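Participant: just coords:
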């Protein structure tokens, strides 16, 4: 019986891609992603164990996709929305679309992080669309030392739940 359950879980994992990215799976390597997203660009990573590659401007509403790897295995995907096109109405629609696809968020946490004179402020909503993936919809404002907003970003982050739990 245990073998049957294990086989089902393995087939389920192989048969279904990451929510919103059906052609890729957790653990894929950079070479596989280059078939789908040609000309990935290497980005600077603050963690030496993590490699980050991006695919710029997949469409007008999205600035880039970023793919995060540890030991050449995909564990996180970020969608950075284009702030020049995505306004208040579009943010509301993105939220409604996310809820429609992934169900009600299971957790909401404030973002309040200081980095020298810069503060990141906002909210993060967690969704669990399947047993393998956590999805975070984040609205992040960057404030200077005088609390003036100098940047604002909307990010949809997909994380391999197994990698997230290990942290």
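Facilitator: Now that the structure is in, tell me what you want to look at. If you're wondering where the values come from, they're calculated on a predicted model, not measured in any experiment.
Participant: please make it C-alpha for all contacts and neighbour counts, starting now.
Facilitator: Will do.
Participant: now do the strands in the chain.
Facilitator: 41-43, 50-59, 62-70, 73-81, 107-115, 118-130, 133-143, 149-160 (DSSP state E).
Participant: for residue 25, which of these is the nearest?
Facilitator: Across these, residue 25 has its closest neighbour in strand 73-81 (7.7 Å, Cα to Cα).
Participant: need the residues that contact the closest one.
Facilitator: For strand 73-81, contacts defined as Cα atoms under 8 Å, 6 or more residues apart in numbering pick out 25-30, 61-69, 153-160, 163.
Participant: if we can go back for a sec, just put the strands of the chain in CSV and tack on mean neighbour count and mean pLDDT.
Facilitator: Below are those laid out as CSV (neighbours: other Cα atoms under 10 Å; pLDDT from 0 to 100):
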stretch, mean neighbour count, mean pLDDT
strand 41-43, 13, 96
strand 50-59, 17, 95
strand 62-70, 20, 96
strand 73-81, 21, 97
strand 107-115, 12, 95
strand 118-130, 18, 95
strand 133-143, 21, 95
strand 149-160, 18, 95
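Participant: wait, which of those is closest to residue 35?
Facilitator: Using Cα to Cα, the strands of the chain put strand 50-59 closest to residue 35, at 12.1 Å.
Participant: residues in contact with the closest one?
Facilitator: 37-45, 63-72.
Participant: so that strand versus strand 62-70, what angle?
Facilitator: Interaxial angle of strand 50-59 relative to strand 62-70 (axes from the mean of the first three to the mean of the last three Cα atoms, to 10 degrees): 160 degrees.
Participant: partner strands of strand 50-59, parallel or antiparallel?
Facilitator: strand 41-43 (antiparallel), strand 62-70 (antiparallel) (DSSP bridges).
Participant: coming back round to it: reformat the strands of the chain as CSV; add distance to residue 91.
Facilitator: Shown next, in CSV, are the strands of the chain (distance: least, Cα to Cα, whole Å):
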stretch, distance to residue 91
strand 41-43, 26
strand 50-59, 16
strand 62-70, 12
strand 73-81, 9
strand 107-115, 16
strand 118-130, 13
strand 133-143, 9
strand 149-160, 8
